[in-house]
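In: what follows is a protein structure lacking sequence information:
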Ligand code: ADP
Ligand code: MG
Ligand code: MG
Ligand code: MG
């Protein structure tokens, strides 16, 4: 049941509501009658309004009591707006330049007014167009390293960590979407599944019968269910990132909870790899996307390497948590042994990221929610060719994860799958 003060705001309701919210009127300026309001939500779940006044603009996001993509038949708790606000607050504290500033939050209306990102575009659209973003790697690795490290047991006391886990534990309905749509449905017959038929019919059937793959994805699901390593964004694909040539902003953390760090890293790597595989389908003249393709694979390499470097340097300098007590690693020998262990930790995290990368690719090609990287390839046979290459890599990454011991091995395999 929805809280009694909740109502879905239409444009008039929103104008009246915002006119009575001082933080908002200060940002927009002028008279409320003259503000422009446009609903732009292109995501799967919520309403997003762009509101502009003479002094400035805002993005206003309101959760609906159901999944927008599907309709009222699929209810979804409004509390996700609370978790999104909580996660955005955490991210804003740790990486203020990399998320939109919060202007106003109303828990009863499940509504958040935030900084309008303009002229930023959704990164996925830029990637489909073949644009390159030179500052992106530095920004996103800082976002991931800081938000993950500072919510982990490497930085937090055990008590603070457990309280933090508890504060996100109620977001289980959003976790359940991931558990079903990413880790389960693509591997079985499910009503919501779809793929580029008829070309991928056989591949989809093979994946539904591939027990090695079912074991591998079930291990990943178990990790997602049980590993409360850090506060993860939970939906860190290129549709949750807005960019310009010089700026990067992460939006939409409504899936946030304490989960495995590799899930965020894998989400990002998967979406960059899908941009690479889809690129051949957007080629206008032979080789016209070569610069882009080289850049996007180099970005896959650098995202992992720079993330690992940044995470490790935080660990060396800011290890205030209860994990790895310094008293157990005294002197030079202790320091050296701990450094070896840090590298081993990153190697395990890399393995997780490789597995989650694979899971995120497979769900976008065989599950409910697809992405424009592939969907905008109009010739379905050509699209299926790109998707089949991505699926082939994903299956190998998931079943033979241990054989990928470096990010270069992943990008090499991606190049060889083309
Ligand atoms: P959903 O949870 O429904 O996916 P998102 O938070 O991803 O919603 O927002 C949907 C769309 O609204 C984004 O793809 C983007 O185009 C737009 N949007 C969201 N936040 C902002 C913002 N702060 N500034 C500008 N546009 C935004
Ligand atoms: Mg979104
Ligand atoms: Mg960085
Ligand atoms: Mg969302």
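Out: Perfect, thanks for sending it. This is a predicted model, so every value here is computed, not measured. Numbers count the residues shown, from 1 in each chain. Ligands and ions are numbered 1, 2, ... in the order given.

In: C-alpha only now, for contacts and for neighbours.
Out: Fine.

In: close to ligand 1: what parts of the stretch 201-350 of the chain are there?
Out: By Cα under 6 Å from any ligand atom, the residues of the stretch 201-350 of the chain that approach ligand 1 are 240, 251-252.

In: ok, now with 8 Å
Out: Contact residues (Cα under 8 Å from any ligand atom) of the stretch 201-350 of the chain with ligand 1: 239-240, 242, 251-254.

In: need the max-distance pair from these.
Out: Within those, two members stand farthest from each other by Cα to Cα: 242 and 254, at 15.9 Å.

In: now do the helices in the stretch 251-400 of the chain.
Out: Secondary structure of the stretch 251-400 of the chain (DSSP state H, counting those that start in this stretch): helices at 261-282, 290-318, 331-366, 372-375, 380-399.

In: what separates the fourth one from the chain centre, distance-wise?
Out: Between the centre of helix 372-375 and the centre of its host chain there is 17 Å, according to Cα atoms, centre = their mean, to the nearest Å.

In: try stretch 38-49
Out: The chain centre lies 17 Å from the centre of stretch 38-49; the measure is Cα atoms, centre = their mean.

In: is it up against ligand 1 anywhere?
Out: Yes: against ligand 1, stretch 38-49 shows contacts by Cα under 8 Å from any ligand atom at 40-49.

In: next step: these restricted to strands.
Out: If you go by DSSP state E, the residues of stretch 38-49 next to ligand 1 have 46-49 in strands.

In: of all those residues, which comes closest to ligand 1?
Out: Closest approach to ligand 1 among those (Cα to the nearest ligand atom): residue 46, at 3.7 Å.

In: looks like that closest one contacts residue 60 (just checking).
Out: No: taking contacts as Cα atoms under 8 Å, residue 46 lies outside contact range of residue 60: 10.4 Å.

In: between the two, which one's more packed in?
Out: Using other Cα atoms under 10 Å, the more surrounded residue of residue 46 and residue 60 is residue 60, with 24 against 19.

In: wait, does stretch 163-178 contact ligand 1?
Out: No: judged by Cα under 8 Å from any ligand atom, stretch 163-178 stays clear of ligand 1, getting no closer than 11.1 Å.

In: what's in contact with that stretch?
Out: With contact meaning Cα atoms under 8 Å, 6 or more residues apart in numbering, stretch 163-178 is reached by 76-77, 79-80, 83, 228, 231, 254-258.

In: likewise stretch 283-295?
Out: Against stretch 283-295 from outside (Cα under 8 Å, 6+ apart): 130-132, 276, 279-280.

In: redo that, cut-off 7 Å
Out: 130-132, 276, 279 (Cα atoms under 7 Å, 6 or more residues apart in numbering).

In: by neighbours, which of the residues you listed wins?
Out: Neighbour tally across those (other Cα under 10 Å): the maximum, 28 neighbours, falls on residue 276.

In: isn't it right up against residue 296?
Out: Yes: Residue 276 is within contact range of residue 296, at 6.3 Å (criterion: Cα atoms under 7 Å).

In: how near is residue 405 to residue 339?
Out: For residue 405, the distance to residue 339 (Cα to Cα, to the nearest Å) stands at 18 Å.

In: reformat the contacts of stretch 283-295 as JSON lines; add distance to residue 390 and pLDDT.
Out: JSON lines is the format used below for the contacts of stretch 283-295 (distance: Cα to Cα, whole Å; pLDDT from 0 to 100):
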{"residue": "130", "distance to residue 390": "18", "pLDDT": "98"}
{"residue": "131", "distance to residue 390": "21", "pLDDT": "98"}
{"residue": "132", "distance to residue 390": "21", "pLDDT": "98"}
{"residue": "276", "distance to residue 390": "9", "pLDDT": "98"}
{"residue": "279", "distance to residue 390": "11", "pLDDT": "98"}
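
In: ok, so of those, who is nearest ligand 1?
Out: For the contacts of stretch 283-295, the nearest to ligand 1 is residue 131 (17.3 Å; Cα to the nearest ligand atom).

In: ok, the closest residue in space to that closest one that isn't next to it in sequence to residue 283 distance?
Out: Leaving aside its sequence neighbours, residue 131 sits nearest to residue 292 (Cα to Cα, 6 or more residues apart in numbering; 6.7 Å). Distance of residue 292 to residue 283, computed by Cα to Cα: 11 Å.

In: between these two, which has more neighbouring residues?
Out: residue 292 (21 against 15).

In: quick one: the strands in the stretch 101-250 of the chain?
Out: 102-106, 111-115, 121-122, 230-232, 241-243, 248-250 (DSSP state E, counting those that start in this stretch).

In: will you turn those into TSV that also has mean pLDDT?
Out: Output for the strands of the stretch 101-250 of the chain, formatted as TSV (pLDDT from 0 to 100):
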stretch	mean pLDDT
strand 102-106	98
strand 111-115	98
strand 121-122	98
strand 230-232	99
strand 241-243	98
strand 248-250	99
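
In: in TSV, list those strands along with mean neighbour count.
Out: Supplementary listing: those in TSV, determined by neighbours: other Cα atoms under 10 Å:
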stretch	mean neighbour count
strand 102-106	16
strand 111-115	22
strand 121-122	17
strand 230-232	26
strand 241-243	23
strand 248-250	25
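
In: spit out the contact partners of the residue nearest to residue 242 when sequence neighbours are not counted.
Out: Leaving aside its chain neighbours, residue 242 sits nearest to residue 122 (4.4 Å; criterion: Cα to Cα, 6+ apart). Residue 122 makes contacts with 239, 241-243, as judged by Cα under 7 Å, 6+ apart.

In: which one of those is nearest ligand 1?
Out: Taking the contacts of residue 122 together and measuring to ligand 1 by Cα to the nearest ligand atom, the closest member is residue 239, at 6.2 Å.

In: what's around that closest one, how many residues?
Out: So residue 239, with other Cα under 10 Å, has 20 neighbours.

In: before we move on, what about residue 406?
Out: For residue 406, using other Cα under 10 Å, the count is 15.

In: hmm, back to that, closest one to ligand 3 among the strands of the stretch 101-250 of the chain?
Out: Distance to ligand 3, taken as Cα to the ion, is lowest for strand 248-250 among the strands of the stretch 101-250 of the chain, at 11.2 Å.

In: from the chain's centroid, how far away is the closest one?
Out: 11 Å.

In: neighbouring strands for it, and are they parallel or not?
Out: Using DSSP bridges, the strands paired with strand 248-250 are strand 241-243 (antiparallel).

In: the partner strand: how far from the chain's middle?
Out: Using Cα atoms, centre = their mean, the offset of strand 241-243 from its chain centre is 11 Å.

In: great, nothing more from me.
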